[in-house]
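# Predicted structure and sequence below. I'll ask about it afterward.
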Amino acid sequence: MTAAAKHVDDREPIVIVGTGIAGYTVARELRKLDGEAPLVLVTQDDGSFYSKPMLSNALAMKKHPSALATFDAAQMRAQLNADIRVHRRVERLSPNEREIVVNGEPLRYRKLVLATGADPRRLRIEGSGAGDILSINDLGGYATFRQALERCQAVAILGAGLIGCEFANDLSAAGYAVSLIDPASTPLARLLPEALGTVFANALDASGVRLHLARSAASVDRLQAGYRLTFADGGHLDADLVVSAVGLVPRTALAAQAGLAIGQGVCTDAWCRTSAADIYALGDCAEIEGKVQPYVLPIMHAARALARTLHGEPTRVAFPVMPVTVKTPATPAVVVSPERAGEWRIEDMTGAPPHAARAICRHAEDERTIGFALLGAAIEGKAALIQAMTPARGQ
Ligand SMILES: Cc1cc2nc3c(=O)[nH]c(=O)nc-3n(C[C@H](O)[C@H](O)[C@H](O)COP(=O)(O)OP(=O)(O)OC[C@H]3O[C@@H](n4cnc5c(N)ncnc54)[C@H](O)[C@@H]3O)c2cc1C
């Protein structure tokens, strides 16, 4: 930790930067413990509360973008008894002054929480249409995407990770012609062992998604109508819209400029404490004990513990076994990635019912279950596997 910051004043508010799931969940959890402590949330968006995971299955759920926000900023102010400042950008952070600068104005804090999320990763793509490629990482981006879809039939998606696969399945179920492109030889390559990736690819293919695996996009050029995407191998395909879903980069600029320790995200210990006194981080911007976990479940666990810490009861974040669920009706997937080296074994790949499969990752020495991947009907086995893994964690 750096030298303790000066001028601690208990009358100053707890300030949270960001009103995504991370920022709002900390605020909610804190309010369960203390209804009155001065609380300010600052966000560069409009402060609506929405479930970001719904962005990639809203078409199937027949949800209009305007229906995705369940509460606006005014409702959140009332619920949280908090001062929520919307369309305000935090430009600078001064740990020694216990101050942030918001649209040019200083705002002092007693404790500060960074919940600033992540930016979509941008691929290096050439061509006149490269600047038109859409990324969808918030409600505003989703509204733009839905507007663009009104003039579209064919959509090309770059990236066959969780978000790319979910959008591909959602769009094809809604009647769009979808091409899904990834340099890896199977989709969900970071989550699924290869054999299950192949089963998953077959399921997407059967649902109408055209997969272009082991191929990468080199350029996107505007046509008179739509775009021509050219692969590095020289082939090409035409689409009305190109979407990029190639991963996220934690937003660390504020913290980095203030001299906080940065790894892949804003580094924290198991109490969500950054390297600066009284500054905490969680959510997609944070690297808690060496790991960036850009999913809802880890955020919930971190938020609960952090709220207690902010309330004066230092509480370590204890992450249980947290499966990642891929919302692809073509064949849903549930995965717990192993945290250490192990051996994947395919335990069931009957093909009946179709696209169901189960793989277990076992510890190299003692055969303990240290991870699993389930597809289709096999996801029913999730609870038993989580239970089997639970005592093994931390050993
Ligand atoms: C399409 C999609 C589908 C997903 N599906 C799943 C799923 O099925 N399951 C799952 O577990 N996870 C899923 N995720 C991941 C999950 O939604 C995220 O991990 C989570 O929403 C991140 O929340 P956050 O609050 O950390 O960040 P964000 O929601 O990005 O919020 C960041 C906040 O910080 C504010 N901000 C940033 N910088 C500043 C600044 N300088 N000044 C002021 N405000 C600032 C922004 O305005 C925003 O309010 C999905 C993600 C996407 C994009």
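It's in.

# give me the number of residues near residue 371?
23 (other CB atoms under 10 Å). Quick note: C-beta positions are derived from backbone N, CA and C, even for glycine.

# Okay, and the beta partners of it?
As for beta bridges, residue 371 partners with residue 361 under DSSP bridges.

# same deal with residue 250?
Residue 250 forms beta bridges with residue 118, as assigned by DSSP bridges.

# Count the residues that sit near residue 56.
24.

# With the one 5 residues further on instead?
Applying other CB under 10 Å, we find 10 other residues in the vicinity of residue 61.

# and it, backbone torsions?
phi -90, psi 10 (degrees, to the nearest 10).

# Find the nearest non-adjacent residue to it, please.
Leaving aside its chain neighbours, residue 61 sits nearest to residue 54 (7.1 Å; criterion: CB to CB, 6 or more residues apart in numbering).

# Next one, pLDDT for the residue of the stretch 101-250 of the chain found nearest the ligand please.
Closest to the ligand within the stretch 101-250 of the chain is residue 117: 2.3 Å, counting by CB to the nearest ligand atom. For residue 117, the pLDDT comes out at 98.

# pull the longest helix from this protein.
Ranked by number of residues, the top helix in the chain under DSSP state H is helix 296-310.

# coming back round to it: the residue nearest to residue 61: neighbouring residues, count only.
16.

# surely it meets residue 62?
No: counting by CB atoms under 8 Å, residue 62 is not a contact partner of residue 54; they are 11.8 Å apart.

# Tell me how far residue 280 lies from the ligand.
13 Å (CB to the nearest ligand atom, to the nearest Å).

# Which positions within whichever strand or helix holds that residue qualify as buried?
Per DSSP states H and E, residue 280 falls inside strand 279-281. Neighbour counts using 16 or more other CB atoms under 10 Å place 279, 280, 281 of strand 279-281 among the buried residues.

# Repeat that for stretch 248-263.
Result for stretch 248-263 [16+ other CB under 10 Å]: buried residues 248, 250, 251, 252, 254, 255, 258, 260, 262.

# Give me the contacts around the longest helix of the chain.
With CB atoms under 8 Å, 6 or more residues apart in numbering as the test, helix 296-310 has contacts from 14, 21-22, 25-26, 28-30, 32-33, 52-53, 111, 113, 271-273, 280, 282-284, 286, 288, 293, 314-320, 322-323.

# one more time with 7 Å, if that's ok
14, 21-22, 25-26, 29-30, 33, 53, 111, 113, 271-272, 280, 282-283, 288, 315-317, 319, 322 (CB atoms under 7 Å, 6 or more residues apart in numbering).

# How about that helix and the ligand, touching?
Yes: applying CB under 6 Å from any ligand atom, one finds helix 296-310 touching the ligand at 296, 297, 299.

# from those, which is closest to residue 337?
Nearest to residue 337 among the residues of helix 296-310 next to the ligand: residue 297, at 13.0 Å, using CB to CB.

# give me the number of residues near the closest one?
15.

# Around residue 150, how many other residues sit close by?
6.

# Kindly report the same for residue 131.
By other CB under 10 Å, neighbour count at residue 131 equals 9.

# as a whole number, average confidence for stretch 370-390?
Mean predicted lDDT for stretch 370-390 stands at 92.

# so what's residue 288 bridging to?
residue 268, residue 291.

# Could you list the domains of the chain?
Annotated domains of the chain cover 14-119+248-310, 122-244, 332-392 [automatic domain parsing].

# touching the ligand at all, the last one?
By that I understand domain 332-392. No: Domain 332-392 is not in contact with the ligand by CB under 6 Å from any ligand atom; minimum separation 10.6 Å.

# Any idea how far that domain is from the middle of the chain?
Distance of domain 332-392 from the chain centroid (CA atoms, centre = their mean, to the nearest Å) equals 22 Å.

# Doesn't residue 229 belong to a strand?
Yes: applying DSSP: H, G, I helix; E, B strand; the rest coil, one finds residue 229 inside a strand.

# Show me which residues of the stretch 101-250 of the chain sit near the ligand.
So the stretch 101-250 of the chain meets the ligand at 115, 116, 117, 136, 137, 163 (CB under 6 Å from any ligand atom).

# which stretches of the stretch 51-200 of the chain form strands?
69-71, 83-85, 90-94, 99-102, 105-108, 111-114, 118-120, 134-135, 154-158, 177-182 (DSSP state E, counting those that start in this stretch).

# Please work out which residues outside the second one touch it.
Taking contacts as CB under 7 Å, 6+ apart, the residues outside strand 83-85 that touch it are 19, 40, 41, 42, 47, 73, 76, 77, 102.

# try the fourth one
The set of residues external to strand 99-102 that reach it, using CB under 7 Å, 6+ apart, is 15, 42, 85, 88, 90-93, 106-109, 112.

# Verify the stated contact: residue 221 with residue 131.
No: between residue 221 and residue 131 there is no contact under CB atoms under 7 Å: 11.3 Å.

# residues in contact with the nearest residue to residue 360 once chain neighbours are set aside?
Leaving out its chain neighbours, the residue that sits closest to residue 360 by CB to CB, 6+ apart is residue 372, at 5.1 Å. Contacts for residue 372 (CB under 7 Å, 6+ apart) come out as 336, 359, 360, 361, 385.

# Please apply the same query to residue 251.
Counting by CB under 7 Å, 6+ apart, residue 251 has contacts 116, 117, 118, 119, 285.

# the bottom helix or strand of this structure by mean pLDDT?
The weakest-scoring helix or strand in the chain, judged by mean pLDDT, DSSP states H and E, is strand 342-348 (a mean of 88).

# Can you point out the buried residues in that strand?
In strand 342-348, counting by 16+ other CB under 10 Å, buried: 342, 344.

# same check, this time on stretch 162-181
162-173, 176-181.
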